[in-house]
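In: Give me a 3D structure for the following:
(one chain, ligands or ions: 1)
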Amino acid sequence: MPLKEIDIAEGLKINSLMEASQQPIPDPDKWLDEEIRRNVLITTVDYVLDWARSRSLFPLMFGLACCAFEMIGAAASRFDIARFGMDIFRWSPRQADLMIVAGTLTWKMAPAVKLVYEQMPEPKWVIAMGQCAISGGPFRESYSVVPGINRIIPVDVYVPGCPPRPEGLLHGIRKIHEKIIRESIKKA
Ligand code: SF4
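Out: Sure, this is the predicted structure:
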């Protein structure tokens, strides 16, 4: 074949290839993107640390009256606070970072609550569970009852009710989680 015809044939082939190549060929590995999207989470290290810290609270049981039974109910199988990484209530303040005060606090008992709170290591949080712990409840006017545990220790979350149901306490615990994440280890 003469050279000129070879050139023409080659040019035609190139032209037809250019026309057919206006759009990129679909990536045969496109499924990989979808797979990665479903399996990879992108976040920051401090968010992971905050999340882990919020889900590994060590609660200290401080049941003082009737509300304590609802707190105990929250720890049993039906409500199961172990779902939130709180498997065992601690009896030593040195092993705890969440104090749940459930019930009526008397002035006679107040120094003990304050002392136990001070023995807990930082960072630590407090839930006031029930009307008595929040404000003295029906005994508010009594000479012997503390009209709210925030008179002696700082409170992070108030769970109202007389008594609050276990779901109420679980809601309060979720609020503590949010607070821990908001406060963030980054700001500590
Ligand atoms: S708030 Fe009601 S249920 Fe709870 S300790 Fe006081 S009186 Fe008892």
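In: Strands of this protein, residue ranges please.
Out: For the chain, the strands defined by DSSP state E occupy 59-63, 98-102, 125-129, 157-159.
In: got CSV for those, with mean neighbour count, mean pLDDT and distance to R90 too?
Out: For every residue, glycine as well, the C-beta is placed using N, CA and C. Putting the strands of the chain into CSV (neighbours: other Cβ atoms under 10 Å; pLDDT from 0 to 100; distance: least, Cβ to Cβ, whole Å) gives the following:
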stretch, mean neighbour count, mean pLDDT, distance to R90
strand 59-63, 22, 87, 5
strand 98-102, 27, 94, 9
strand 125-129, 26, 95, 14
strand 157-159, 22, 95, 18
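In: What parts of the chain come near the ligand?
Out: Contact residues (Cβ under 6 Å from any ligand atom) of the chain with the ligand: 65-67, 103-104, 130-132, 137-138, 162-163.
In: From those, list the buried ones, please.
Out: If you count burial by 16 or more other Cβ atoms under 10 Å, the buried members of these come out as 65, 67, 103-104, 130-132, 137, 163.
In: Just put those residues in JSON lines and tack on pLDDT and distance to N39.
Out: Output for those, formatted as JSON lines (pLDDT from 0 to 100; distance: Cβ to Cβ, whole Å):
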{"residue": "A65", "pLDDT": "91", "distance to N39": "49"}
{"residue": "C67", "pLDDT": "93", "distance to N39": "44"}
{"residue": "G103", "pLDDT": "93", "distance to N39": "47"}
{"residue": "T104", "pLDDT": "94", "distance to N39": "51"}
{"residue": "G130", "pLDDT": "95", "distance to N39": "44"}
{"residue": "Q131", "pLDDT": "95", "distance to N39": "48"}
{"residue": "C132", "pLDDT": "95", "distance to N39": "49"}
{"residue": "G137", "pLDDT": "90", "distance to N39": "50"}
{"residue": "P163", "pLDDT": "93", "distance to N39": "44"}
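In: Among those residues, which lie within helices?
Out: 67, 131-132 (DSSP state H).
In: residue ranges with poor pLDDT in the protein?
Out: Within the chain, the stretches with pLDDT under 70 are 27-32, 188.
In: try 80 this time
Out: Along the chain, segments meeting pLDDT under 80 span 1, 24-42, 87, 184-188.
In: Would you map the helices across it?
Out: All helices of the chain, identified by DSSP H, fall at 3-20, 30-39, 45-54, 67-75, 110-119, 131-135, 166-183.
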